[in-house]
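Asks: Below are the sequence and a predicted model for it; my questions follow.
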Amino acid sequence: MTKAGRFNVTRRGVLAAASAGALPGSSLAQAPMSGAVCWRDGGSLPFAVQEIYPCVHDGRVWVGGGLIGESGRVIGASDRLVSREPSAAGWRREVSLPGPVHHPQLASVGGSLWLLGGFQSPGPGVIWQMSDASWRLDPTGGQWLAGPKALAPHAECVCIVSNDLAHLVGGRRPSGAANMAYRDHVDTTDHLVFDPASGAWSTAAPALTARNSAAGVSLSGRLHVVGGRSVTAGPSVSHEVYDPREDRWRLAAPLPREAAAGGLAAAVLAGRIYVFGGRCSIRPPGGSCKPSGLMIRVRIAGRWRATCRHPGMASARSQSVPRSGRSEGLNGPAGRRRRRMSRSCVRPADPAAERDSIVVIHCRAGADCPSSIIG
């Protein structure tokens, strides 16, 4: 890991990872989840929202920012912040974010709740001004305090917290001086690391694949990044593993072809990586794009096994931050073109729960946000 006062962009290993994406999806096998498994109804978010990156902090699930909708279309970004205890039935309104922002990373790191990057969008409408800002929620919960700026703007990346460090991998970055529209940005392999104890930002070895909207988890001291999409190449099956001790990425078993999607979720439960949901919004070159429903896929002994398709669901856009206990997904398409999007986070173990569960909340613009629970 290299301390840096200037952001150094590299593309090492991108072609090798692209070749791995061409491997046949032979790592998929059908397998039931252990024990009795079924879907059941859960609670709801208090409003419809998409492009959110929740986290678990201080025993609560936190959701902030995102894009909000009205009458089936996106109308702007949100500055709302809500939280919920694992066993509570409703959500609590918290202090507003510093401003309207979509795709911000909420991260519990170093004992504090942080708001990192995203697209600032004061409106009207949706603005794609990528941010390098960092904000820390005051311990009293009454205000946001400005933190050290990142080495570069970042958004649509994977944020994985490990050993009190926040790793921001991939996503998008400005391609030049312009930074107000989506076309101003490109997919990247960048790997930023934030240490809240020292307030320092640094760079680490870049990922092997330039992509956005991937999912990531921390397992046994290593970081796993799976799926996602590229604006130029479409959905990705790439699975990469980062070892912080070596500052090195390696390729691992790719996702099955039918699981390739952007905005999928990943979570660790009982020592296994679960991947589910996602959407296939960009048609891959030479092929069609047909998401096949909300499917739980578990990585066992280096292989991906499919189980538990959600009845009637098209897709979900998700991201997770791993911790012990349950996994909770938070969804909210506020946009057009039948988008179904979610963000998920692993929640602490619920004392009232009989076993670990995965909760996914599905939202439509201007409608209630019902949830489903599996486990």
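Replies: Okay, I see it. Numbering: from 1, shown residues only.

Asks: in the stretch 201-350 of the chain, what spans have low per-residue confidence?
Replies: 280-298, 300, 307-350 (pLDDT under 70).

Asks: Strands along that one, start to end?
Replies: Per DSSP state E, counting those that start in this stretch, the stretch 201-350 of the chain carries strands over the ranges 215-219, 222-226, 229-230, 234-235, 239-243, 248-251, 265-269, 272-276, 295-300, 303-309, 326-331, 342-347.

Asks: Pull up the pairing partners for the first one, direction included.
Replies: Applying DSSP bridges to the sheet, strand 215-219 is found paired with strand 222-226 (antiparallel).

Asks: So Gly263 is in contact with Asn212, correct?
Replies: No - Gly263 is beyond contact range of Asn212, at 9.1 Å (criterion: C-beta atoms under 8 Å). In short, each C-beta sits where N, CA and C put it, glycine included.

Asks: Who has more neighbours out of these two?
Replies: Gly263 (30 against 24; other C-beta atoms under 10 Å).

Asks: quick one: the more buried one from Ile52, how far?
Replies: Gly263 sits 11 Å away from Ile52, going by C-beta to C-beta, to the nearest Å.

Asks: Can I take it that Ser75 is in a strand?
Replies: For residue 75 the amino acid is Ile, not Ser. Yes - assigned with DSSP: H, G, I helix; E, B strand; the rest coil, Ile75 falls within a strand.

Asks: Verify the contact between it and Ile68 for me.
Replies: Yes - counting by C-beta under 8 Å, Ile75 does reach Ile68; the two are 6.2 Å apart.

Asks: Neighbour count: those two, which is higher?
Replies: Between Ile75 and Ile68, Ile68 has the larger neighbour count (other C-beta under 10 Å), namely 24 against 18.

Asks: The more buried one belongs to a strand?
Replies: Yes - according to three-state DSSP, Ile68 belongs to a strand.

Asks: What is the end-to-end distance of stretch 86-97?
Replies: Terminal residues of stretch 86-97 are spaced 22 Å apart (C-alpha to C-alpha, to the nearest Å).

Asks: so for it, what's the average pLDDT?
Replies: Averaging pLDDT along stretch 86-97 gives 86.

Asks: now swap in stretch 144-162 and tell me
Replies: pLDDT averaged over stretch 144-162 gives 97.

Asks: returning to what we had before: show me the common contact partners of Gly263 and Asn212, please.
Replies: Common neighbours of Gly263 and Asn212 (criterion: C-beta atoms under 8 Å, 6 or more residues apart in numbering): Arg229.

Asks: Am I right that Ala215 is in contact with Gly262?
Replies: No - using C-beta under 8 Å, Ala215 makes no contact with Gly262, being 9.5 Å away.

Asks: Would you enumerate the residues in contact with Gly66?
Replies: Here Gly66 is in contact with Val49, Gln50, Glu51, Ile52, Ala77, Ser78, His102, His103, Gly332, Ala334 (criterion: C-beta under 8 Å, 6+ apart).

Asks: Tell me the bridge partners for the second one.
Replies: Beta-bridge pairing of Gln50, defined through DSSP bridges, involves Leu67.

Asks: So what sits opposite the nearest residue to Asp243 once chain neighbours are set aside in the bridge?
Replies: Excluding the flanking residues, the one nearest Asp243 by C-beta to C-beta, 6 or more residues apart in numbering is Arg222, at 5.5 Å. Using DSSP bridges, the beta-bridge partners of Arg222 come out as Leu219.

Asks: wait, Arg222 sits on Arg245?
Replies: No - using C-beta under 8 Å, Arg222 is not in contact with Arg245; the gap is 9.1 Å.

Asks: which of the two has more neighbours?
Replies: Ranked by neighbour count (other C-beta under 10 Å), Arg222 and Arg245 place Arg222 first, with 17 against 7.

Asks: Thank you, goodbye.
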